[in-house]
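In: here is my input, please return the structure:
(one chain, ligands or ions: 2)
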Amino acid sequence: MEQYIIKGGNPLVGEVEIGGAKNAALAILAAAIMTDETVEIDNLPDVKDVNVLLKAIQEIGGKVDRVSRHSVTINGSMIGSVVVENDYIKKIRASYYLLGALLGKYKRAEVALPGGCNIGSRPVDQHLKGFRALGARIDIKHGMIIAEAGSLTGNHIYLDVVTVGATINIMMAAVMASGNTVIENAAKEPHVVDVANFLNSMGANIKGAGTDVIRIKGVEKLHKTSYAIIPDQIEAGTFMFAAAATKGDVMVKNVIPKHLEAITAKLMEIGCEVEEFDDAVRVVSSKGLKHTHVKTLPYPGFPTDMQPQITVTLALSEGTSIVTESIFENRFKYVDELSRMGANIKVEGNTAIIDGTERYTGAGVTAPDLRAGAALVIAGLAAEGITTVDDIFYIERGYEAFEDKLQNLGAMIEKVSTEKDIQKFKLKVG
Ligand SMILES: CC(=O)N[C@H]1[C@@H](OP(=O)(O)OP(=O)(O)OC[C@H]2O[C@@H](n3ccc(=O)[nH]c3=O)[C@H](O)[C@@H]2O)O[C@H](CO)[C@@H](O)[C@@H]1O
Ligand SMILES: C=C(OP(=O)(O)O)C(=O)O
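Out: Ligands and ions are numbered 1, 2, ... in the order given. Predicted structure coming up:
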């Protein structure tokens, strides 16, 4: 089994290039099959979830050609099946986007209930409510969601909770419905806007993405496009907090600074300097870190996908910090692992009360999910001595070449799978 081995204590210094946003890419790939013409997608991150989705698209008859590591063409004209149920697809969350895309185009879809990180109960009731409002019948049988409609008709849909997945999914299904759809209480995340821009570049008529009311005029057909995915806000934020926790100086390149405002604001509150450029941010952490409070919220609030990374950093900051997780009820599972490294954190319900410690000490820890895994790597980079992080397949779901990018910043980290590799690493780092 592969794991990361890390010798901590080096400040991260240098430049890192951020890839395309995983959570935009997954929706955009699914949406790409909605036209029979060939779509080119650039700035695609080479991460496991993306590759699983591409495989699922191929399995139902979509033609996928890799132009380069970060670029594919997709042609959905030969799709022969609307049933998506392979073992891999059940493990990722974004499989649900095939439901919206297939339902929108073929008025029928059968997709396995989605998986994704085990961070809470994660219902899909709002997705289904939206599809029903557009005229689909929904059945859940043998682990499959079956959606079917003679035709789809636009409607007025109010989402009971702000949900990224349901907003995007309903938007996709509504794009080729007849008439107008209004989604109220819509999510405003940058990837919602990116998917709307992508669909519009294929001929859709979507207005208001990025606000809480999205208006869609149905069109009959979508056409080819060539589109580059936005940079990954969460990958960028992860490197920004890695710089802060290791007392480093990192230029995070190929980002949209506006998308990072909530992250930047918290870093400044805890004493880091953050310099913004057109498409880069530089984080310098030269003084002792200060405590703060943070609550995860839908965009433009502080993202839940950054909660473990800020918690790991606050546990190294002076004083008492409070982190409230308001999106997913089970996203503090990594705290027990972090405690083995010396963190003082008490979790009560959806709140973590953190008493800052001066340093972590290396230990063997296990990633319980994607972002928590990345956060444990940050802890290892800041710790005294050696840390191993197990179950790194979670991290590989969403970070491309994580260890290479960290090594380029001076981190002593390697992916290892045998005792011999571990001994070799220990000899190398002394
Ligand atoms: C593949 C992908 O893009 N995943 C992201 C997506 O997940 P995901 O799309 O699952 O998250 P949502 O935004 O839908 O979830 C937000 C909240 O709404 C609730 N809810 C959601 C749908 C529904 O039908 N009913 C319902 O009650 C959820 O339980 C949660 O409490 O957005 C999350 C919130 O930014 C991120 O953490 C995930 O990284
Ligand atoms: C929770 C995440 O992903 P998913 O929704 O795919 O589980 C994430 O990207 O942090």
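
In: whatever residue of the chain ends up closest to ligand 2 and residue 410, how far apart?
Out: Residue of the chain nearest ligand 2, by CB to the nearest ligand atom: residue 116 (2.9 Å). Heads up, the C-betas are built off the backbone N, CA and C, glycines and all. Distance of residue 116 to residue 410, given as CB to CB, to the nearest Å: 33 Å.

In: one more: residue 4?
Out: 16 Å.

In: try residue 22
Out: Relative to residue 410, residue 22 is positioned 25 Å away (CB to CB).

In: of those two, who's got more company?
Out: In this view residue 22 and residue 410 are compared by other CB atoms under 10 Å, and residue 22 has more residues nearby, 25 against 15.

In: count the neighbours of whichever residue of the chain sits closest to ligand 1 for me.
Out: With CB to the nearest ligand atom as the measure, the residue in the chain that lies nearest ligand 1 is residue 165; the distance is 2.6 Å. By the criterion of other CB under 10 Å, residue 165 has 23 neighbours.

In: can you pull out the helices in the stretch 251-400 of the chain?
Out: Taking DSSP state H, counting those that start in this stretch as the criterion, the stretch 251-400 of the chain carries its helices at 261-269, 307-314, 335-339, 370-382, 393-396.

In: let me see the contact set for residue 157.
Out: Each residue near residue 157 by CB atoms under 8 Å, 6 or more residues apart in numbering is listed here: 129, 130, 133, 134, 170, 181, 182, 183, 184.

In: can you give me the domain assignment for this structure?
Out: With domains defined by automatic domain parsing, the chain comprises 3-19+231-429, 22-228.

In: could I get the pLDDT score of residue 348?
Out: Here, the pLDDT recorded for residue 348 equals 96.

In: which residues of the stretch 1-150 of the chain lie near ligand 1?
Out: 23, 26, 93, 94, 120, 122, 123, 124, 125, 126, 127 (CB under 6 Å from any ligand atom).

In: what is the burial count for residue 184?
Out: Counted with other CB under 10 Å, residues neighbouring residue 184 total 12.

In: I'd say residue 167 and residue 183 touch.
Out: Yes: shown here, residue 167 and residue 183 form a contact pair, counting by CB atoms under 8 Å, at 6.1 Å.

In: overlap of the contact sets of the two?
Out: Shared contacts of residue 167 and residue 183, defined by CB under 8 Å, 6+ apart, are found at 159, 214.

In: what does stretch 54-73 contact?
Out: Residues outside stretch 54-73 that contact it (CB under 8 Å, 6+ apart): 19-20, 29-30, 33, 38-46, 74-84, 86, 88-89, 95, 98.

In: got the contact list for residue 364?
Out: With CB under 8 Å, 6+ apart as the criterion, the residues that contact residue 364 are 340, 387, 388, 390.

In: now the residues you listed in a markdown table, with neighbour count, pLDDT and distance to residue 198?
Out: Shown next, in a markdown table, are the contacts of residue 364 (neighbours: other CB atoms under 10 Å; pLDDT from 0 to 100; distance: CB to CB, whole Å):
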| residue | neighbour count | pLDDT | distance to residue 198 |
| --- | --- | --- | --- |
| 340 | 17 | 97 | 43 |
| 387 | 27 | 98 | 39 |
| 388 | 19 | 97 | 40 |
| 390 | 17 | 97 | 37 |
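
In: from these, which two are the most distant?
Out: Within these, two members stand farthest from each other by CB to CB: 340 and 390, at 12.3 Å.

In: so what sits against both of those two?
Out: Residues within reach of residue 340 and of residue 390 at once, by CB under 8 Å, 6+ apart, are 364, 365.

In: would you mind measuring from residue 21 to residue 45?
Out: From residue 21 to residue 45 the distance is 7 Å (CB to CB).

In: overlap in contacts, the two.
Out: When contacts are counted by CB under 8 Å, 6+ apart, the set common to residue 21 and residue 45 consists of 229, 232, 235.

In: so how many other residues sit close to the second one?
Out: Put plainly, it is residue 232. For residue 232, the count of nearby residues is 29 (other CB under 10 Å).

In: just use 42 as the starting number from now, easier for me
Out: Renumbered: residue one is now 42, and that last one reads residue 273.
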